[in-house]
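>>> sharing a model that was predicted from the sequence below.
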Amino acid sequence: MIGYAGLLAGRTALVTGAASGIGRAVGEHLLRAGARVVLADRDPRVVEVARGLAAASGSDDAAHGLVFDAADEQSIVELVRDATRVLGRIDTLVTSHGILTESPLQDMALTQWDETLRIDLTSVFLLCREVLPGMRARGDGRIVNVASQLGQKGGDGMAHYAAAKSGVIAMTKSLALEVSRDGVLANCIAPGPINTPLVEAISDDWKTAKREELPLGRFGEVDEVAPTAVMLASSPFGDLYVGQTLGPNSGDVMP
């Protein structure tokens with residue numbers, strides 16, 4: 001088990017997509033580092049996940065679960081409002097929610113394209129927009145948007161997903177230019193394929209081909225990604241990262 005020795009003691013964080021996968025791992029690692037966290041997801045099981053993590057930490061106040069709909073603007077506004085009420089403030093936002101489907105571009109329905117862009121990109125914009133006033137007013141904040149290496153290199157049968165994740169990366173760079181002088185540092189994590197329920201749903205043919213492409217020869221695990229979020233959320237380790245895209249990706253992208 002990784003020990004962070006109170007690295008984030010006294011800090012707070014809102015983590016989305018936290019019922020499972022990378023988001024759940026990030027929430028757990030932030031908690032281990034001493035942060036108080038709100039875990040959010042459209043899956044109601046996020047409430048039980050938060051209770052379990054709080055119990056394991058020895059403090060019922062350490063982790064709270066909230067349900068929200070990433071496709072709905074008002075739900076996102078309410079999530080940030082409720083998370084702020086629970087935590088007192090939001091020092092760190094980690095956006096780790098999303099959907100992933102496959103389709104050749106030629107056969108893709110506009111509804112599939114629109115849904116992916118709405119959940120994987122527009123909702124990230126909305127979450128960032130909602131947390132920024134508090135962070136800028138305090139002169140302190142960290143935003144960590146979880147993108148994907150496919151946003152850097154594209155993906156066969158995943159033009160919609162790659163476009164959304166590329167948008168997240170570009171938006172985060174632009175945001176960093178706007179707010180870094182206000183003490184708010186925005187960065188991305190662009191993982192490669194990670195063993196999560198999201199990736200499990202992809203076809204076996206895709207996974208086999210992708211595994212053979214990777215220099216490391218294997219997919220990653222969520223506990224190999226989460227420490228990057230802890231680093232970006234912490235000081236002094238994350239203090240010089242501004243608009244960067246960090247890639248725990250098994251060597252799939254080497255910038």
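Ah, there it is. Residues are numbered from 1 along each chain as shown.

>>> and the closest residue to N195 other than its chain neighbours, what does it touch?
Leaving out its chain neighbours, the residue that sits closest to N195 by C-beta to C-beta, 6 or more residues apart in numbering is F219, at 5.2 Å. C-beta: built from backbone N, CA, C; applies to glycine. Neighbouring residues of F219 by C-beta atoms under 8 Å, 6 or more residues apart in numbering: G192, P193, I194, N195, V199, K207, K210, R211, S250.

>>> next: K173.
G243.

>>> can you map out the helices along the stretch 101-250 of the chain?
Assigned by DSSP state H, counting those that start in this stretch, the helices in the stretch 101-250 of the chain fall at 110-117, 123-138, 150-153, 159-179, 197-200, 204-213, 226-233.

>>> spatially nearest residue to S148 (excluding sequence neighbours)?
K165 (4.1 Å).

>>> and that neighbour, how many residues sit next to it?
29 (other C-beta atoms under 10 Å).

>>> returning to what we had before: what's the most buried one of the helices of the stretch 101-250 of the chain?
helix 226-233 (a mean of 23; mean count of other C-beta atoms under 10 Å).

>>> packing partners of that helix?
Packing contacts for helix 226-233, counted by 3 or more C-beta pairs under 8 Å, 6 or more residues apart in numbering; DSSP states H and E, involve helix 21-32, strand 92-95, strand 141-146, strand 184-189.

>>> for the second one, give the mean pLDDT please.
Going back to what we said before, that points to strand 92-95. Strand 92-95 carries an average pLDDT of 98.

>>> likewise for the longest one?
In this model, helix 21-32 has a mean pLDDT of 98.

>>> ok but L39 is inside a strand, no?
Yes. Under DSSP: H, G, I helix; E, B strand; the rest coil, L39 falls within a strand.

>>> still on that earlier bit, want to try TSV for the helices and strands packed on helix 226-233, with distance to S174 as columns?
What follows is those, written out as TSV (distance: least, C-beta to C-beta, whole Å):
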stretch	distance to S174
helix 21-32	23
strand 92-95	15
strand 141-146	12
strand 184-189	9
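
>>> in the protein, where is pLDDT below threshold?
Applying pLDDT under 70 to the chain flags residues 1-2.

>>> what sits against the most centrally placed residue in it?
Central residue of the chain (C-alpha atoms, centre = their mean): S96, 2.4 Å from the mean position. By C-beta under 8 Å, 6+ apart, S96 lies in contact with V15, T16, G17, A18, G21, I22, G23, V26, V146.
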